[in-house]
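**Q** Sharing a model that was predicted from the sequence below.
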Amino acid sequence: MLKDFGPRIVKWYDKNKRELPWRNSTNPYKIWLSEIILQQTRVEQGLGYYLKFIRRFPDIYSLAEASQTEVYKMWQGLGYYNRADNLMAAAQTIVRQYKGLFPETPEALIRIQGIGPYTSAAIASIAFGYPKPVVDGNVYRVLSRLFGIETPINTGRAKKEFETLAGNLLQGNPPAAFNQAMMEFGALHCKPVNPDCLHCIFLSECTAGRLGEVARFPVKKKKPGVRKRYFYYLLVEVPGNKSNAFFLKQRDKKDIWKNLYDFPLLECNKRENPAEVLKNPVFEHLIGQTNFNIKSVSNEYRHQLTHQKIHAVFIHLIVNKNTGQLSDNSVFLVDENKLITYPVPRLLERYLQDQKILK
């Protein structure tokens, strides 16, 4: 075990930490909100969302009363919308079952939907001083390099191994400062690429540094390949007297972007000619006898997800306002001025902004 590890990293944290609005706070609501937003999100991107949420929902009660559409709209651009679902579910549970008060132990917190082992440890240690280690990607990286741990971090065995090690290092140190120091050290100093090893406070004791293999840690088990998907969107515009309208559809299947809104689409196994796509029976049935003109066909938009890469083409049609009906009852007409109120995937937002449809 590294000598005086805890005091040394806490001292480093006191000197080098970033000043963030949820820091130096024991308010469990703010700590929880920041942790949920920052999951799989860089601080630079998440900070703006955190401030926006705090302004609109200053406490757990206001968030618990919010509609899914409003929360999704505010979340738009962050991705991983299951986090937004968990945010709402947890807020409602805490208000309903705990009278708006966060439980103080990890064991109680983890029973709330959307609060897992990492988040429960963060809330309990930072808000309530509970001696529970927080193990996130930054902590995995720091510990694997320092101790030369070969266990792949994306395996079940690693979770217990790293949590035990972090727990031993935490003993005798202030939990809030120690856990935040570990995460901040990994984020700012022991970075994934180009860590500042020369100025590291653990330079002489780091196993990966001594072996000259810093880039090899943490070890990860090979992930499955990225799946390519080809989306052909039908953007149906209906002219109006004062403003035009577009057909939208809410995604309700167990797939990406569930509960967000997008346009009717056809998914193909490979790239297709848009002219041929319009002849597909799915689109022919959707349009029916409606007369239309093709206004434009977009270039291909690409959107990277964790294990998927979306290739999307938008086919913009103008239909006669007197025959502006589609056969699919699940689609509905939305005035172009109100499109901005609907939460849509970032991919669609980019297209609509490029076309100056979203003002």
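**A** In hand now; what should we look at?
**Q** Quick one: mean pLDDT over stretch 304-324.
**A** Here stretch 304-324 scores 87 as its mean pLDDT.
**Q** Same check on stretch 185-195?
**A** Rounded mean pLDDT across stretch 185-195 is 96.
**Q** Just list the residues touching T164, thanks.
**A** Contact analysis of T164 by Cβ atoms under 8 Å, 6 or more residues apart in numbering lists nothing. Just so you know, the C-beta spots here come from the backbone N, C-alpha and C atoms, and that holds for glycine as well.
**Q** That one should be in a strand, yeah?
**A** No - according to DSSP: H, G, I helix; E, B strand; the rest coil, T164 belongs to no strand; its state is helix.
**Q** how far away is it from F217?
**A** T164 sits 18 Å away from F217 when distances are taken as Cβ to Cβ, to the nearest Å.
**Q** mind saving the C-alpha coords of stretch 289-301 as PDB?
**A** Output of stretch 289-301 as PDB, limited to C-alpha atoms (Å, rounded to 0.1, in the frame of the first residue of the first chain):
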ATOM      1  CA  GLN A 289     -52.900   9.000 -52.400                       C
ATOM      2  CA  THR A 290     -51.400  12.200 -51.100                       C
ATOM      3  CA  ASN A 291     -49.800  14.300 -53.800                       C
ATOM      4  CA  PHE A 292     -46.300  15.500 -53.000                       C
ATOM      5  CA  ASN A 293     -43.300  17.100 -54.400                       C
ATOM      6  CA  ILE A 294     -39.700  16.400 -53.400                       C
ATOM      7  CA  LYS A 295     -38.200  19.600 -52.000                       C
ATOM      8  CA  SER A 296     -34.800  18.200 -51.100                       C
ATOM      9  CA  VAL A 297     -32.700  15.100 -50.300                       C
ATOM     10  CA  SER A 298     -30.100  15.700 -47.700                       C
ATOM     11  CA  ASN A 299     -26.500  14.500 -47.700                       C
ATOM     12  CA  GLU A 300     -25.800  11.700 -45.300                       C
ATOM     13  CA  TYR A 301     -25.700  12.600 -41.600                       C
END
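**Q** Just the buried positions in it, please.
**A** Neighbour-count burial for stretch 289-301 flags 290, 292, 298, 301 (criterion: 16 or more other Cβ atoms under 10 Å).
**Q** May I have the phi/psi pair for the second one?
**A** Pointing back at F292 there. Dihedral pair for F292: phi -150, psi 160, per degrees, to the nearest 10.
**Q** Quick one: end-to-end length of stretch 245-263, please.
**A** One end of stretch 245-263 sits 12 Å from the other (Cα to Cα, to the nearest Å).
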